[in-house]
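Enquirer: what's the 3D shape of this:
(one chain, ligands or ions: 1)
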Amino acid sequence: MNDRSYGRKIWLAVLMGWTVAVTVAQARENLIRNGDFEENPGMLRAENWYSDGLYGFGTFADHAHSGLYAYKTWKQPAIWQDFDARPGQVWTVSAWFMNAPEGEEDKPLEGDTIGRIRIEFKNDEKITVAASHSQVINAETRSGKWIKLTATGIVPEGCTLVRVVINRVESAGSGVFYVDDVEVKR
Ligand SMILES: [Ca+2]
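Expert: Model (predicted):
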C-alpha cells in the first residue's frame with residue numbers, strides 16, 4: 001500500500017465516522033425535581049413545585065413513602081412542574097398516593113374529594129389543549145396504604161409544554177392525602 005492509498009483509506013474512515021448516525025438510547029432518567037419531597041420541608045412548602053395558592057399544603061414528616069417527608073394536601077388543588085416538550089413524545093408520570101390513616105388528627109378523604117395525577121399539554125400561548133389523568137384516590141380508597149398511580153399521554157400537534165400536576169379536586173369534600181416519589185419520564 002503506498003502512502004497515497006493509505007491516506008485515502010484514513011480519510012474514508014474519518015468520513016464514515018462522521019456520517020454514521022449514532023443512536024443514543026434516550027435516557028430514561030426521572031425528570032422531576034424534588035419528586036421525593038425531601039428538600040426544604042415545611043408548611044406551605046414544596047421545593048421546586050409551583051402551587052395554586054398559598055394555602056392547604058406542605059411537606060411534612062407525618063408519613064413518607066421514601067425518606068422522611070411527603071407532600072400533604074388538605075385543601076391545595078394543584079402543585080406542578082413544567083417541561084419543554086415536542087409533539088409525538090410519550091410522557092409517563094407516576095406517584096405514590098396515600099389516603100390519610102384512620103384515627104389520626106388529620107382525617108381521611110370524605111365527600112367528593114379526589115386526588116390524582118394530571119398531565120396538561122399546552123400550546124405556545126400556554127393554553128391547555130389536552131390532558132391525561134391517572135386513576136384517583138377518594139373516600140373509598142383504603143386509608144393508610146400507599147398506592148401507585150400512573151398517567152400517560154402523547155404530546156399533541158402544536159404543543160410545546162407539558163405540565164405535571166398533583167391534583168386535588170372537590171366541591172363538597174374534605175380530608176388529607178399524601179403524595180411521594182413522583183417520577184416523570186419521556
Ligand atoms: Ca419522601
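Enquirer: what's the first-to-last distance across stretch 100-112?
Expert: Between the opening and closing residues of stretch 100-112 there is a gap of 15 Å (Cα to Cα, to the nearest Å).
Enquirer: check the offset of that stretch from the chain's centre.
Expert: Relative to the centre of its chain, stretch 100-112 is centred 25 Å away, using Cα atoms, centre = their mean, to the nearest Å.
Enquirer: what about Ala64, distance to Lys72?
Expert: 10 Å (Cβ to Cβ, to the nearest Å). All C-beta atoms are positioned from the backbone trio N, CA, C, and that covers glycine.
Enquirer: sorry, that was for Ile114
Expert: 16 Å.
Enquirer: what of Gly115?
Expert: Relative to Lys72, and taking Cβ to Cβ, Gly115 is found at 11 Å.
Enquirer: name the nearest residue to Thr141, sequence neighbours excluded.
Expert: Counting by Cβ to Cβ, 6 or more residues apart in numbering, Thr141 lies nearest to Asn99, which is 4.5 Å off, once chain neighbours are set aside.
Enquirer: now do the phi/psi pair for that neighbour.
Expert: Main-chain dihedrals, Asn99, degrees, to the nearest 10: phi -70, psi 130.
Enquirer: ok, it - contacts?
Expert: Counting by Cβ atoms under 8 Å, 6 or more residues apart in numbering, Asn99 touches 108-109, 115, 137, 141-145, 175, 177.
Enquirer: Ile114 and Lys72: which has the busier surroundings?
Expert: Here Ile114 and Lys72 are compared on neighbour count by other Cβ atoms under 10 Å; more neighbours surround Lys72, at 25 against 19.
Enquirer: which SSE is that one in?
Expert: strand 70-73 (DSSP states H and E).
Enquirer: quick check: residues of the chain near the ion?
Expert: Proximity of the chain to the ion (Cβ under 5 Å from the ion) is limited to residues 36-37, 64, 66-67, 69, 180.
Enquirer: returning to that earlier point: joint contacts of Ala64 and Lys72?
Expert: Contacts common to Ala64 and Lys72, judged by Cβ under 8 Å, 6+ apart, are Tyr178.
Enquirer: low-confidence regions, the protein specifically.
Expert: Within the chain, the stretches with pLDDT under 70 are 1-27.
Enquirer: tell me where it has helices.
Expert: According to DSSP state H, the chain carries its helices in the segments 3-19.
Enquirer: now the closest residue to Leu149 other than its chain neighbours: phi and psi?
Expert: Sequence neighbours aside, Ser134 is the residue nearest to Leu149 in space, at 3.9 Å (criterion: Cβ to Cβ, 6+ apart). In terms of degrees, to the nearest 10, the main-chain angles of Ser134 are phi -80, psi 180.
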